[in-house]
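Q: model the structure of this input:
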Amino acid sequence: MSTPSKPAGLFTWKVHGDGKRVGIHGAVGPDERLTYPRTFGIGAQHVLAMMGSTLLVPALTGMPASTTLFFSAVGTALFLTITGNKVPSYLGSSFAFLAPLAAAGVYSAADHTPSTAEIQNGLGGILLAGVLLAAVGVLVHFVGAGWIQRAMPPAVTGTIVALIGLNLAGAARGNWDASPWTALVTLAAVLLSMVLFKGFLGRIAILLGAVVGSLFAAIRGEWEGAGVTVGDADWFGLPQFHTPTFEGSLLVAFIPVVLVLIAENIGHVKSVAAMTGKDLDPVTGRALLADGVATTVAGLGGGSATTTYAENIGVMAATRVYSTLAYWVAAGVALVLSLVPKFGAVVLVIPAGVLGGLATLLFGLIALLGARIWVQNGVNFSHPVNLVTASVALIMGTANYTAHWGSMTFEGIAIGTVAALVIYHGLHWVARVRGTQDQPPTTPAIVEADVVAVKAAKGAKPKK
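A: Model prediction:
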């Protein structure tokens, strides 16, 4: 009589097939692995896939790149552990934090390098966002995600995510203006890489664009003085750590970013579930908790906030290897690189024009993430409440409106977020009381076709 096999442990992976190849219609599951050399190769691909975006954040903020990479590795390890190695993911730097960090003075420009005090203020906001996200994860795990939908419906969530990206437009323009030709070449290289190359090369378009832009900047002499900075850096050493401080008026701007992280994490879990064919809904709360814990730890020590990375989903789609062991390898490689200060010094001296080209695309993608939330959830902008919620909040966020209360100053993201919530819920309450929630829009901003669509949806014939 055969002895029943023991259940696989948290850090145990079954060998897939012969460990050397993936069948035509097969895939390596999260709890499986290929041979160790092949798994290491897949893990190295994940590092390359996340490298461009993860290191762009410290390049734009002026925070230490080695520290960001260190906490990216630690955060990935925490994520894999908390989710029980069920959700293959790499945690890279979140671009959603760039706007509130800039408001705290944590940004890099030709005429500005953040001070230690400014970085510490920014870390306080990152820590707060991490704690809030972790709390959301606990609630989702025990009571489900329905309350998020009620408090933050897609019309509101999409608007807030979009205004965070649009609020960064000025920062992108500033870096672009530092060297327009370098910025243009960098942007063109990224865009062309996305469509010229198939497979893995297409997945690292940001990294390829950064390399092309950097070479062009070198031809134009824009790396002047960089050799001294890189040369003075040590080959081996611990990252530069910072501790957080807390400034009330700055902390408020970080709260809306939690919505972006929620949207990214839930979307990531659903994407991985679709690829692996596994039901991952039960671990959604743990995924949110894990990212919250990783971001909190980064805020405690000086790293950039983290989020699950779509770039690594691309690697999984191309290789059909969903093994979480490959992500442990990626975390290990990133940790080793974070202990090489020369590597971080190279990121620190990337020319502003290169950053401008990359930021123009990536900040726009953040804004379009908000639009994608609208589209995926079928938000009806023929409804006047949805329409004015987005209209007012987007202008406030994009133009970076400011408000003062005592010694505290609130800027575009915080003001736009409050506006979206107050307008949406306030007007919906008034509409319910007055019985006008189904009234067709009358604003000239709505074209006649929208009115026709509303009437058609109700089964009424439009007037000719």
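
Q: return the set of buried residues in stretch 185-200.
A: Buried residues in stretch 185-200, counted by 16 or more other Cβ atoms under 10 Å: 185-187, 189-190, 193-194. Backbone N, C-alpha and C define where each C-beta goes, glycine included.

Q: could you do stretch 365-374 as well?
A: In stretch 365-374, residues buried by neighbour count (16+ other Cβ under 10 Å) are 366-367, 369-371, 373-374.

Q: same thing with stretch 132-142?
A: 132-134, 136-137, 139-141.

Q: from those, which two are the most distant?
A: Leu132 and His141 (15.0 Å; Cβ to Cβ).

Q: and for Leu288, nearest residue in space, chain neighbours not counted?
A: Gly137 (3.2 Å; Cβ to Cβ, 6 or more residues apart in numbering).

Q: if I look at the one you found, how far off is Val143?
A: Noted for Gly137: a distance of 12 Å to Val143, by Cβ to Cβ, to the nearest Å.

Q: a markdown table for the buried residues of stretch 185-200, including secondary structure, distance to Val354 and pLDDT?
A: As requested, those are arranged in a markdown table below (DSSP: H, G, I helix; E, B strand; the rest coil; distance: Cβ to Cβ, whole Å; pLDDT from 0 to 100):
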| residue | secondary structure | distance to Val354 | pLDDT |
| --- | --- | --- | --- |
| Val185 | helix | 9 | 91 |
| Thr186 | helix | 5 | 89 |
| Leu187 | helix | 10 | 90 |
| Ala189 | helix | 10 | 90 |
| Val190 | helix | 10 | 84 |
| Ser193 | helix | 14 | 83 |
| Met194 | helix | 17 | 78 |
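
Q: where does pLDDT dip in the stretch 151-300 of the chain?
A: Applying pLDDT under 70 to the stretch 151-300 of the chain picks out residues 198-204, 225-233, 267, 274.

Q: separation between Gly364 and Pro351?
A: Applying Cβ to Cβ to Gly364 and Pro351 gives a distance of 21 Å.

Q: an error on my part: the question was meant for Val379.
A: For Val379 relative to Pro351 (Cβ to Cβ), the value is 40 Å.

Q: before we move on, the earlier item: can you redo the buried residues of stretch 365-374 as TSV with distance to Gly29?
A: Converted to TSV, the buried residues of stretch 365-374 look like this (distance: Cβ to Cβ, whole Å):
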residue	distance to Gly29
Ile366	32
Ala367	35
Leu369	29
Gly370	33
Ala371	34
Ile373	30
Trp374	34
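
Q: pick the one among the residues you listed closest to Ser115.
A: For these, the nearest to Ser115 is Ile366 (26.0 Å; Cβ to Cβ).

Q: any idea what sits nearest the closest one, other than its immediate chain neighbours?
A: Gly165 (3.1 Å).

Q: ok, that neighbour touching Arg372?
A: No: Gly165 lies out of contact with Arg372 (Cβ atoms under 8 Å); the separation is 11.4 Å.

Q: ok, the residue nearest in space to the middle of the chain - contacts?
A: With distances taken as Cα atoms, centre = their mean, Ser94 lies nearest the centre of the chain, 3.8 Å away. Neighbouring residues of Ser94 by Cβ atoms under 8 Å, 6 or more residues apart in numbering: 57, 257, 260-261, 264, 295, 304-307.

Q: between those residues, which is nearest Leu339?
A: Looking across these and measuring by Cβ to Cβ, the closest to Leu339 is Ser304, at 17.2 Å.

Q: quick one: the strands in the stretch 1-150 of the chain?
A: Assigned strands in the stretch 1-150 of the chain, in chain order: 14-15, 32-33, 91-93 (criterion: DSSP state E, counting those that start in this stretch).

Q: need the winner for burial among those strands.
A: Counting by mean count of other Cβ atoms under 10 Å, strand 91-93 has the highest mean neighbour count of the strands of the stretch 1-150 of the chain, with a mean of 31.

Q: distance between it and the chain's centre?
A: 7 Å (Cα atoms, centre = their mean, to the nearest Å).

Q: what average pLDDT does that strand get?
A: For strand 91-93, mean pLDDT is 85.

Q: which elements pack onto that strand?
A: Judged by 3 or more Cβ pairs under 8 Å, 6 or more residues apart in numbering; DSSP states H and E, the packing partners of strand 91-93 are helix 36-61, helix 65-82, strand 306-308.

Q: closest to Asn386 out of these?
A: strand 306-308 (26.6 Å).

Q: and the closest one, which strands flank it?
A: Strand 306-308 has the following strand partners under DSSP bridges: strand 91-93 (antiparallel).

Q: contacts for the partner strand?
A: Residues contacting strand 91-93 (Cβ under 8 Å, 6+ apart): 50, 53-58, 68, 72, 75-76, 79, 291, 294, 304-309, 311.

Q: hmm, back to that, return the distance of the residue nearest to the centre of the chain relative to Gly353.
A: 24 Å.

Q: from the contacts of Ser94, pick the one nearest Ile206.
A: Val57 (11.7 Å).

Q: show me what contacts that closest one?
A: Taking Cβ under 8 Å, 6+ apart, we find Val57 in contact with 63, 68, 93-95, 97-98, 304.

Q: closest one of these to Thr417?
A: Closest to Thr417 out of the contacts of Val57 is Phe97 (14.3 Å), distances taken as Cβ to Cβ.

Q: what segments of the stretch 201-350 of the chain are helices?
A: Using DSSP state H, counting those that start in this stretch, the helices of the stretch 201-350 of the chain run over 205-219, 226-232, 248-251, 257-276, 284-301, 310-319, 324-338, 341-348.

Q: closest to Glu32 out of those helices?
A: Judging the helices of the stretch 201-350 of the chain by Cβ to Cβ, what sits closest to Glu32 is helix 324-338, at 8.4 Å.

Q: give me the contact list for that closest one.
A: 13, 30-31, 33, 39-40, 42-44, 46-47, 50, 66-67, 69-70, 72-74, 76-77, 80, 85-90, 239, 312, 343-344.

Q: quick check: mean pLDDT of that helix?
A: 88.

Q: give me the buried positions along it.
A: 324-335, 337-338.

Q: turn those residues into JSON lines, columns for distance to Ala431.
A: Converted to JSON lines, the buried residues of helix 324-338 look like this (distance: Cβ to Cβ, whole Å):
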{"residue": "Thr324", "distance to Ala431": "47"}
{"residue": "Leu325", "distance to Ala431": "53"}
{"residue": "Ala326", "distance to Ala431": "51"}
{"residue": "Tyr327", "distance to Ala431": "47"}
{"residue": "Trp328", "distance to Ala431": "52"}
{"residue": "Val329", "distance to Ala431": "54"}
{"residue": "Ala330", "distance to Ala431": "49"}
{"residue": "Ala331", "distance to Ala431": "49"}
{"residue": "Gly332", "distance to Ala431": "55"}
{"residue": "Val333", "distance to Ala431": "54"}
{"residue": "Ala334", "distance to Ala431": "50"}
{"residue": "Leu335", "distance to Ala431": "53"}
{"residue": "Leu337", "distance to Ala431": "54"}
{"residue": "Ser338", "distance to Ala431": "53"}
